[in-house]
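Fold the following.
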Amino acid sequence: MHPADRRTALLTLLLACAGASLGALLSLLIRWQLAFPGRPLPLLGALLYPDHHGAVAASSYPALFTLHGTVMIYFAVTPALSALGLVRLPPMVGLHRPAHPFLHRAALALYALGFSLLLLGLLSPFGAPAFGWTASAPLSTARSPGAGATLWLLAVACSGLGALLGSFDILSTLVVARKVAWSRLPLSAYGHLFASALNALFLPILLGALALLFSDRHLGTAHFTHPLRQGGDPLVYQHLFWIFGHPEVYILILPVWGALSDSLARAVDRPPALARAVVAAMAAVTLLSSLVYGHHLLTAGLSPLLVEGFMALTLLISLPSTAFVASWVATLHGASLRPDAAASYSLAAVAIFVLGGLTGVPLALVSTDRYLHDSAFVVGHFHLVMAATVLLGLLAMSQDALPRLGIRAPSFAVSRAHAWATALGALGVFLPMLRLGLGGAPRRLYDPSLYRYLSPLLSWQRAATAAAALLVTAQLLWLLAWWRGRR
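A predicted model of the protein is given here:
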């Protein structure tokens, strides 16, 4: 691997690890407040909240989940996939370097700039942004007057532009510069190909929406203000954001799906079963991903006919996912699984993905989504699919990527322990959220003890918080696996 590409990949991975660490810390603060509302934080309470006797302040609580979602999506998973693609893709297509490596270097600079701007927002006069990671108007316009909100817009724009540049490099590498026939490409390459295509199509929409928000905040326009006041419409922003936001789910998980297929196939020394069907399923998901975004707006007052159409499309897009599961099962059927760390992560990811996918069905149906929308059930479903599955997929991808960067190969025994500790920890965190959502617990809640109907569910909050602490602690096993690995 070229030294410049190795340096770019390493620095991008380090930035992603820094983002993931910050996001994990923020999640622990959120979980502590939900489980023990009003109690002082252990260890860090006096440092973070000296004016509130170490307890999480109500005024800063919305900033916690805003920054948690922002950091994890834009500054942890996105740069990690970019770095792993830079390392893994060129050898798959018979190249030593990507087609335009300077684009990945520019992407790294933009990720670093965006992350710095996001952290700088914490020091702004009105504090960090507190409108959620989706930045819905008017919460992100008239009701967020501080510089922190503007810095958030610039930070996310930097991350989006960096991801766009990286996707151009991947598309050029796979479509133009490759030296391998399409039929001989591994499924990982197809996953990155379709994800990069979605990036190229829909990230400009996000950047445009952010530009309109910036214009509303600083140039006196009224794109997203209330229609009875200045002629705009907050619902327009939701359409613009979710046209990008739902494909973003597939942008992050398509490379993982491909990596899981290849990893399991290597572990049993056979080609992936139903490979053509998997590629067709990836293409179908890519085509349908922008047509199902409306299930995020099922309770927003859209036309009933439009709502039913989005519901039907959402159920339809679940069908290609069955091709992945069928391929994984067929690949493993009757095979002897050899000891392999990547396979351990992949098996755990497959199990959690299937469970998380099943929990999405009630959210696709209008009748049940009206009850579950904006509840803890949504949080549990999203994190099972996007947090746990993607994390385990990234860990599987790192097994062959990091040794190419000159890092020793990991210890199999410790990696296997880490894989299942991570999987069990994730289930311990997110399954209780499903129960909380069914019990009526809303998301973004500061103090559940204030509500009589939620008091009996407090034990579920505490169980999830204990599991979250174990999940974060279990990531030390990942460091130990590489430390104890062979050179």
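
Would you mind identifying the next helix or strand past the worst-scoring helix or strand of the chain on mean pLDDT?
When the helices and strands of the chain are scored by mean pLDDT, DSSP states H and E, helix 227-230 comes last with a mean of 59. Where DSSP states H and E defines the elements, the next helix or strand beyond helix 227-230 is helix 234-267.

Please state the offset of that following helix from the chain centre?
Distance, stretch centre to chain centre, for helix 234-267: 8 Å (Cα atoms, centre = their mean, to the nearest Å).

Stretch 114-127 too?
That offset, for stretch 114-127, works out to 22 Å (Cα atoms, centre = their mean).

so L372 sits right up against P362, yeah?
Yes - L372 lies in contact with P362 (Cβ atoms under 8 Å); the separation is 5.9 Å. In this view, the C-beta of every residue, glycine as well, is placed from N, C-alpha and C.

quick one, what contacts the spatially most central residue of the chain?
The centroid of the chain falls nearest to I73 when counting by Cα atoms, centre = their mean (4.5 Å). Residues near I73 by Cβ atoms under 8 Å, 6 or more residues apart in numbering: 133, 248, 252.

now swap in H104 and tell me
Going by Cβ under 8 Å, 6+ apart, H104 touches 5, 8-9, 12, 82, 86, 98, 165-166, 169.

Adding neighbour count, write the contacts of I73 out as TSV.
Compiled in TSV, the contacts of I73 are given as follows (neighbours: other Cβ atoms under 10 Å):
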residue	neighbour count
W133	19
E248	26
L252	22
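
Pick the one among these closest to G94.
Of all the contacts of I73, G94 sits closest to L252, with 26.7 Å by Cβ to Cβ.

hang on, the earlier thing: show me the contacts of H104 that map onto helices.
In helices, judged by DSSP state H, the following of these are found: 5, 8-9, 12, 82, 86, 165-166, 169.

Would you pull up how far stretch 51-58 lies from the middle of the chain?
The answer for stretch 51-58 is 29 Å, by Cα atoms, centre = their mean.

What are the phi and psi values at D233?
The phi/psi pair for D233 (degrees, to the nearest 10) reads phi -160, psi 120.

That one and L212 touch, don't they?
No - applying Cβ under 8 Å, one finds D233 not in contact with L212, separated by 11.6 Å.

where does the stretch 1-150 of the chain dip in pLDDT?
In the prediction, the stretch 1-150 of the chain carries no residues with pLDDT under 70.

Would you map the helices across the stretch 101-250 of the chain?
Here the stretch 101-250 of the chain has its helices, by DSSP state H, counting those that start in this stretch, at 101-120, 147-171, 187-218, 227-230, 234-267.

can you check the stretch 251-400 of the chain too?
Listed in chain order, the helices of the stretch 251-400 of the chain (DSSP H, counting those that start in this stretch) span 275-288, 304-332, 341-359, 361-364, 366-372, 376-382, 390-404.

Can I get those helices in a markdown table including mean pLDDT and distance to W242?
Conversion of the helices of the stretch 251-400 of the chain to a markdown table gives the following (pLDDT from 0 to 100; distance: least, Cβ to Cβ, whole Å):
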| stretch | mean pLDDT | distance to W242 |
| --- | --- | --- |
| helix 275-288 | 95 | 14 |
| helix 304-332 | 93 | 10 |
| helix 341-359 | 94 | 19 |
| helix 361-364 | 94 | 14 |
| helix 366-372 | 94 | 14 |
| helix 376-382 | 97 | 13 |
| helix 390-404 | 93 | 19 |
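
In JSON lines: these, plus mean neighbour count and distance to S159.
As requested, the helices of the stretch 251-400 of the chain are arranged in JSON lines below (neighbours: other Cβ atoms under 10 Å; distance: least, Cβ to Cβ, whole Å):
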{"stretch": "helix 275-288", "mean neighbour count": "18", "distance to S159": "21"}
{"stretch": "helix 304-332", "mean neighbour count": "17", "distance to S159": "26"}
{"stretch": "helix 341-359", "mean neighbour count": "23", "distance to S159": "24"}
{"stretch": "helix 361-364", "mean neighbour count": "18", "distance to S159": "27"}
{"stretch": "helix 366-372", "mean neighbour count": "15", "distance to S159": "29"}
{"stretch": "helix 376-382", "mean neighbour count": "24", "distance to S159": "19"}
{"stretch": "helix 390-404", "mean neighbour count": "24", "distance to S159": "16"}
